[in-house]
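Chemist: Below: sequence and its predicted model.
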Amino acid sequence: MDVEKISVNRLAERATINRVTFYLHYRDIPDMMEKMADDMIEDLSSILQAPNELRSLDPEVEWPIMVNLLEHIAQHARFYKVILATKRTTVFTERLLGLLTTLITDRFERSGGDSKLAELGIKRDIAIWYGASALIGTIVSWLRSDMPYTPLFLAKQFALLRRYHLMKS
């Protein structure tokens, strides 16, 4: 059901709570969506900040944080399919895009990617926008396709694509 068509009455009925309980926690449906997006980003951020020993032990994985992120999304696929793979819940997509932008920015800073970008005449902010958008687009398509690949395989594909693009330049 489209978000615009959800009523507090219908939501409360489906959640087997009364409207008063809903209004104790939220002002309205958009407020609930904002708080759910905040919770989603908090969960994802905690995964991204996990100690190294919790990250992938596969030596072929260049970006173990991405494996952890994709594993979390796969474990909660039903939720992420609804909030990311539909066209009506932009608040979640915007928040995830912000998180991925931060992740890519940190990766650029750690890897010294700025000098390669400058050498190629690519503006740093454009490269970051491009990378974050490509990641979120791939994750959404992966969800919409019922996750035909494992999180580990998808993360390795991201690394191969990155290497391919670096070789071409």
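Modeler: Received, thanks.

Chemist: Off-centre distance for the helix or strand of the chain with the lowest mean pLDDT?
Modeler: When the helices and strands of the chain are scored by mean pLDDT, DSSP states H and E, helix 113-120 comes last with a mean of 78. Its chain's C-alpha centre and that of helix 113-120 lie 26 Å apart, by CA atoms, centre = their mean, to the nearest Å.

Chemist: how about the CA coordinates for it, as PDB?
Modeler: Only the C-alpha atoms of helix 113-120 are listed here, as PDB (Å, rounded to 0.1, in the frame of the first residue of the first chain):
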ATOM      1  CA  GLY A 113      41.900   8.400  -3.700                       C
ATOM      2  CA  ASP A 114      42.000  12.200  -4.000                       C
ATOM      3  CA  SER A 115      45.300  12.300  -5.900                       C
ATOM      4  CA  LYS A 116      44.000   9.800  -8.500                       C
ATOM      5  CA  LEU A 117      40.800  11.800  -9.000                       C
ATOM      6  CA  ALA A 118      42.700  15.000  -9.400                       C
ATOM      7  CA  GLU A 119      45.000  13.300 -11.900                       C
ATOM      8  CA  LEU A 120      42.000  12.200 -13.900                       C
END
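
Chemist: which other helices and strands contact the helix or strand just after that helix?
Modeler: In the C-terminal direction, the helix or strand that comes right after helix 113-120 (DSSP states H and E) is helix 124-144. Applying 3 or more CB pairs under 8 Å, 6 or more residues apart in numbering; DSSP states H and E, we find helix 124-144 packed against helix 64-75, helix 77-84, helix 90-111, helix 113-120, helix 151-168. The C-beta positions use only the backbone N, C-alpha and C, and glycine is treated the same way.

Chemist: what comes up buried for the least confident helix or strand of the chain?
Modeler: Buried residues in helix 113-120, counted by 16 or more other CB atoms under 10 Å: 113, 117.
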